[in-house]
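> sequence? don't have it. structure:
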């Protein structure tokens, strides 16, 4: 499994609330983008997976703890670590960092489902191999 993957993102005006800090729900967007880049870095194309295997990843659950605020123009480092890999799911721990300060920690569970049925489906062997 890949360890210590990170992806940088800049905080834009659209990411902030009236107080000038990152709106809490936007951390989920940042985490999603980082997981997508993590998949790309592992050689996994979500479009190709859907076309070849008729399966896709969907978010099953999230839990986020907020430690400190991010502000306009901050450059954040979003980390991605696989915490648990199952037959049809992946549990991630993700963090948002600004410098040496951890701003938010999230646990995101992603499931693999059939595109037609939207029912749980095993992660394709080639994809599983790249995740491992």
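Thanks, I have the structure now. The shown structure was predicted, so the numbers you read here are calculated from the model rather than taken from an experiment.
> what's the mean pLDDT across the top helix by length along the chain?
In the chain, ranked by residue count with DSSP state H as the criterion, the top helix is helix 26-41. Averaging pLDDT along helix 26-41 yields 97.
> list the buried ones in the helix or strand harbouring residue 129?
Following DSSP states H and E, one finds residue 129 within helix 125-131. For helix 125-131, a neighbour-count test (16 or more other Cβ atoms under 10 Å) marks 127-128, 130 as buried. C-betas here are computed from N, CA, C, even on glycine.
> same thing with stretch 51-58?
Residues of stretch 51-58 classed as buried: 53, 55-57 (neighbour count, 16+ other Cβ under 10 Å).
> and it, how far from the chain's centre?
Here stretch 51-58 is found 17 Å from its chain centre; the criterion is Cα atoms, centre = their mean, to the nearest Å.
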